[in-house]
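Chemist: model the structure of this input:
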Amino acid sequence: LSTLGVIAIVCEGRPERLLSLHVGRGDLLVLCGVIAWAVYTSLLRLRPACHPLSFLAVTFAIAALVMLPLAATEWQAIRTIAWRPEIFAAFAYVAVLPSVVAYGLYNSAVTRIGAAGAGQAITLMPLFGALLAAGLLDESLHGYHLTGMVLILAGIILTACYRSPR
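Modeler: Numbers count the residues shown, from 1 in each chain. A predicted model of the protein is given here:
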């Protein structure tokens, strides 16, 4: 149900749009990110018995090393950065909330409710994206948004209610 909700939002409530959907480079990068996230979530059950912050630190270190060549390519393309307090604030925000706090909470959720239940959180992205676009960018919400949101939430609730015992 959650996946159907995501599809409803992506194709704006018209399933035939899936046939004419253009997939660009950015879309492929997002798809790679979703696949990597699924693999990460699935493999969390194999993590060593260590302190959660130690595991997080090692995970971030590996990610930084893997992304270093891509970052170097970006650095070459940048002419100059106008360092202002807002830039530092943006870096601080990204370093703390979506990184340390979100990963810590997600890893804890996987430990408590399992990968399948916690993995449902990714289907909330289009829901939050639509709500944030409406609230912050003055975008309009349409019926397909509501349909998608209902399906996404129904899928998450059903997964939570009918989860098989461990």
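Chemist: how far away is the spatially most central residue of the chain from Leu97?
Modeler: Closest residue to the average C-alpha location of the chain: Ile122 at 5.2 Å, with CA atoms, centre = their mean. Ile122 is 17 Å from Leu97, where distance means CB to CB, to the nearest Å. Backbone N, C-alpha and C define where each C-beta goes, glycine included.
Chemist: same thing with His145?
Modeler: Relative to Leu97, and taking CB to CB, His145 is found at 25 Å.
Chemist: so the two - more neighbours on which side?
Modeler: A side-by-side neighbour count of His145 and Leu97, using other CB atoms under 10 Å, places His145 first with 23 against 10.
Chemist: show the contacting residues for the residue nearest to that one when sequence neighbours are not counted.
Modeler: Nearest residue to His145 in three dimensions, chain neighbours excluded: Ala130, at 4.8 Å (CB to CB, 6 or more residues apart in numbering). Residues near Ala130 by CB atoms under 8 Å, 6 or more residues apart in numbering: 9, 139, 141, 145, 148-149.
Chemist: which ones among those lie within helices?
Modeler: Judged by DSSP state H, helices contain the following of those: 9, 145, 148-149.
Chemist: can you lay out these as CSV showing pLDDT and distance to Gln76?
Modeler: Formatted as CSV, these follow (pLDDT from 0 to 100; distance: CB to CB, whole Å):
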residue, pLDDT, distance to Gln76
Ile9, 85, 37
His145, 91, 40
Gly148, 90, 40
Met149, 91, 42
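Chemist: so which of the residues you listed comes closest to Ser108?
Modeler: In terms of CB to CB, no member of the ones in helices among the contacts of Ala130 lies closer to Ser108 than Met149, at 25.5 Å.
Chemist: quick check: closest non-adjacent residue to the closest one.
Modeler: Once flanking residues are discounted, Met149 sits nearest to Leu127: 5.1 Å by CB to CB, 6+ apart.
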